[in-house]
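Colleague: using only what follows, build the 3D model:
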Amino acid sequence: MVMNSGKKYRLEFLVEANTWSEVVKIFKADLDLDIENGEQKVTKFQTNNIFLIHVSMNDSAISKEFYSKVAESGRIALVYDPKGADIRNKIMNIVAPVERNLRIILLNINEVIDDYFRYFKNTYAKDFAKDKSLIKAKDLNPLTSYLTLGDIIQVLSADTSLSNKNLTAEDMMSILKDYSDINDVKHELSERAKPCTIWDQIDKHILKKGIKWEEIKGDLGKLEKIRNKAAHFRIVTESDLQNVRKSANAINKKIAIKRHPSKEEIKGLQESLKGFKVLKNLLKPSAQRIATTIYQPFEKLQFQNIQALQQAIQAAVLPQINIHLSILNESDGDEPAE
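Modeller: Numbering: from 1, shown residues only. Purely as a prediction, here's the structure:
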């Protein structure tokens, strides 16, 4: 039986040195490799103080310890590692189902995705935004296929609370229908101002697993980092492969959809994101950007009761009402409105 350790790989190194003899010394000191008198087959190319070295090595010598030595050396870097090609393919095959499943989930919030693309305006997004559709003629892929894993993470992590959403008159009236006391309204508004990501809304309405964004974002971040290393042909190792497997398994359990969501569930999800602009949240200059011209009618009001608040909202006749959260901390409404 032929042992895998007998297989050889031709690795490519970049070395900072002024002479060939210095290169030999660096390999011996940093990697414990004798590239001049050893069994390794070596070819070299020099430009200025940089050497490009090709070294044939046994599979058994390309170990975790070997990669650690290269990483710790400030004078040697790996340009090409053919052993990593197999690992790279395995990593991408593991990540692919995660990305695919996340994109399927995002189909339920296509209005947010459309908004996201209109802002970033990449080549593909312009065409999709023009048609306002998930599907475009002469393209095999839907709009969500052009989201990178990093894009997906940004969208899912966006905060949908009142801190990052225009509060409409319709929103307020729906709250007022359920409460008869101004303090209860203030409490409800305070609750809705607490951080709540798009992922949290998806889990609440579609997945229904009670998994918070904080419980999944760590594994997604690890997956993205290693996935990008593999996709951009940087050096990946067995350790990277093991970490990807672990993170992908954890994520897949959390994002698996065991049944198709109902129309009511999808509607509930989309209603929870109504009026929310993912772009405003992702790249806004201030945590509480207020449209002062809209806010002014409310700034000086001290509401005595729910009816007064209802009348004020209806009288405003505004499509959107930005209510500064500081209102929640003002008077309990003991004084009448001016």
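Colleague: next, the buried residues of the host helix or strand of Glu264.
Modeller: Applying DSSP states H and E as the criterion places Glu264 in helix 263-272. Within helix 263-272, the residues that qualify as buried are 265-266, 269-270, 272, counting by 16 or more other Cβ atoms under 10 Å. C-betas here are computed from N, CA, C, even on glycine.
Colleague: tabulate those (JSON lines), appending distance to Leu207 and pLDDT.
Modeller: Output for the buried residues of helix 263-272, formatted as JSON lines (distance: Cβ to Cβ, whole Å; pLDDT from 0 to 100):
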{"residue": "Glu265", "distance to Leu207": "10", "pLDDT": "86"}
{"residue": "Ile266", "distance to Leu207": "12", "pLDDT": "83"}
{"residue": "Leu269", "distance to Leu207": "10", "pLDDT": "84"}
{"residue": "Gln270", "distance to Leu207": "15", "pLDDT": "78"}
{"residue": "Ser272", "distance to Leu207": "14", "pLDDT": "77"}
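Colleague: let me know the secondary structure of the nearest residue to Lys212 once chain neighbours are set aside.
Modeller: Sequence neighbours aside, Asp200 is the residue nearest to Lys212 in space, at 6.3 Å (criterion: Cβ to Cβ, 6 or more residues apart in numbering). Here Asp200 is recorded as helix under DSSP: H, G, I helix; E, B strand; the rest coil.
Colleague: run a quick neighbour tally on Asp200.
Modeller: By the measure other Cβ atoms under 10 Å, the count of residues near Asp200 is 20.
Colleague: touching, it and Gly210? I think so.
Modeller: No. Checked against Cβ atoms under 8 Å, the pair Asp200 and Gly210 is beyond contact range at 10.1 Å.
Colleague: domain ranges for the protein, per the record?
Modeller: For the chain, the structural domains run 4-81, 91-159+198-282, 161-195+290-338, going by automatic domain parsing.
Colleague: okay, these, which one's buried deepest?
Modeller: Among the domains of the chain, domain 91-159+198-282 has the highest mean neighbour count (mean count of other Cβ atoms under 10 Å), at a mean of 17.
Colleague: the stretch 51-200 of the chain: helices as residue ranges?
Modeller: Applying DSSP state H, counting those that start in this stretch to the stretch 51-200 of the chain gives helices spanning 64-72, 83-106, 110-120, 123-131, 149-157, 169-176, 182-192, 198-202.
Colleague: quick one: secondary structure of Tyr9?
Modeller: Applying three-state DSSP: Tyr9 is strand.
Colleague: what about it, distance to Val42?
Modeller: 14 Å (Cβ to Cβ, to the nearest Å).
Colleague: name the residues contacting each of those two.
Modeller: Residues touching both Tyr9 and Val42 by Cβ atoms under 8 Å, 6 or more residues apart in numbering: Ser56.
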